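> Pasting a predicted model and its sequence here:
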Amino acid sequence: MENQLHALPNFKGFQRQNKSFMQTTVQRSCSLGCVIFIVLFMLPGCVSRERQDNPWSERMALSVIHRAPEPWNLDTEKTGKWEYTFGLVCKALLEVWEGTQDGRYFEYVKAYYDHHIDSAGQITVYRIDEYNIDRINSGKPLFRLFRETRDERYRKAIHLLRSQMKTHPRTSEGGFWHKAIYPHQMWLDGIYMASPFLAEYAATFNEPDLFDDVAKQVLLMEKHARDPKTGLLRHGWDESRSQRWADPLTGLSPHFWGRSMGWYAMALVDILDFFPAEHPRRPEILAVLNRLAAAVVSVQDSTTGLWHQVLDMGGREGNYPESSASSMLVYALAKAAGKGYLPAFYLEAARKGYQGILDHFIEVDADGLVNIHRACAVAGLGGDPYRDGSYDYYIHERIRSNDPKAVGPFILASLEMEKTGNR
């Protein structure tokens, strides 16, 4: 493999106890006079070292906070925005908080949302009329913040995001468009961005009919995107068949992009957390998950346990094992096997994939910070400049280290594997 990176044998992390950190409450001037709490860390040379046996989930979580003490900067390419990447990492950090009860994680996440939500519960950098399904993903941590704090601002922000999906444009069958700027299109990514949020909303605010809509999105995506030969799902589907990337007969994009399958897999296991056991469409979602699991394991690299940027072309020149897709699929397989959604043998595929991630993507630097390498920075379809969905397009997108789309799923995958004894 090109540029393989291996975890160093001796991790030197952060001191776990709160007293070993410098924590400062900083009052920022903003239009509403809000107070933002920022966790500040000492310089690397002064940071107390964490015990070598701390789990990877905590090592990476603390590395995130150290690299970006202000949470609205954790994605350096989307600084200060209301973006899905922030929601992804914040969700992972809240899961670490749930297991450790270390308040640093909770306060870090809370600071991001307090930075963007005003006293009236409005999200200051969000526009509902963009109809961008990605924006919904950052709402997922708000449910837990509201449960823990009962702060009405969080509840209002949740309802605001829900209101977008009430009027969000749809295909003729009722599938959500990916964005208003991508009309008539459903992408695998979009199922993760909105459907778990809507399932949790339905469970939290007693909107049972919404579960039907969640199931519809999952099933429509599989109906149109699943390849009957491989069982894999193509990245996008254009109902209008007007895009250059769309097959004129099927409307499908030409390739199976690894991270898009990862998004869809994570969506399925997260939706099931909230989907009623007695709902008539729950068995259909479980069947989709089982078909997907069989398909992705069939293209798992037999040597490294990893998944490639273009899933079914591992041996083709230019293709490479990719860290975000591998982390997402490990998370989905491990969680699903642990909860009984999949047969237990899928946990072995997850273990093999997780070890591959540790062996080939994870590096601990001289300051004890955990880094994850070899993530595709971004990939999409259409737009300007135009993305044609070709093999050449996917393999030449920029590769990035510590991309939130790898960091968040790596934390989530680590948490699932740590439940099985992998640390």
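All right, it came through fine.
> Can you classify Phe274 by secondary structure?
Of the three states, Phe274 takes coil under DSSP: H, G, I helix; E, B strand; the rest coil.
> neighbours around it, how many?
By other Cβ atoms under 10 Å, 18 other residues sit near Phe274. Backbone N, C-alpha and C define where each C-beta goes, glycine included.
> got it, and Leu93?
Using other Cβ under 10 Å, the number of residues around Leu93 comes to 28.
> my guess is it contacts Lys110, does it?
No: here Leu93 does not reach Lys110: they are 10.3 Å apart, not a contact under Cβ atoms under 8 Å.
> residues contacting Ala92?
Ala92 is in contact with 61, 407-409, 411-412, 415, counting by Cβ atoms under 8 Å, 6 or more residues apart in numbering.
> Report whether Met186 is found in a strand, as I expect.
Yes: Met186 sits within a strand when classified using three-state DSSP.
> how close does it get to Leu220?
Computed as Cβ to Cβ, to the nearest Å, the Met186 to Leu220 distance reads 7 Å.
> what residues do these two have in common as contacts?
By Cβ under 8 Å, 6+ apart, the residues touching both Met186 and Leu220 are 171, 175.
> Who has more neighbours out of the two?
Each of Met186 and Leu220 has its neighbours counted (other Cβ under 10 Å); Met186 has more, 26 against 19.
> Buried ones in stretch 226-240, by neighbour count?
Neighbour counts using 16 or more other Cβ atoms under 10 Å place 226, 231-239 of stretch 226-240 among the buried residues.
> now swap in stretch 67-78 and tell me
Residues 67-72, 74-75 are the ones in stretch 67-78 that count as buried (16+ other Cβ under 10 Å).
> okay, those residues in CSV with distance to Arg423 and secondary structure next?
Below are these laid out as CSV (distance: Cβ to Cβ, whole Å; DSSP: H, G, I helix; E, B strand; the rest coil):
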residue, distance to Arg423, secondary structure
Arg67, 22, helix
Ala68, 25, coil
Pro69, 26, coil
Glu70, 30, coil
Pro71, 26, helix
Trp72, 31, helix
Leu74, 24, coil
Asp75, 27, coil
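> Taking those residues together, which two end up most distant?
Pro69 and Asp75 (14.1 Å; Cβ to Cβ).
> just to revisit the earlier point, among the contacts of Ala92, name the buried ones.
Among the contacts of Ala92, those scoring as buried are 61, 407-409, 411-412, 415 (criterion: 16+ other Cβ under 10 Å).
> just those residues now: which is nearest Met165?
Distances from Met165 to the buried ones among the contacts of Ala92, taken by Cβ to Cβ, are shortest for Gly408, at 22.1 Å.
> Spatially nearest residue to that closest one, not counting backbone neighbours?
Spatially, and ignoring its direct neighbours in sequence, Gly408 is nearest to Leu88 (3.9 Å; Cβ to Cβ, 6 or more residues apart in numbering).
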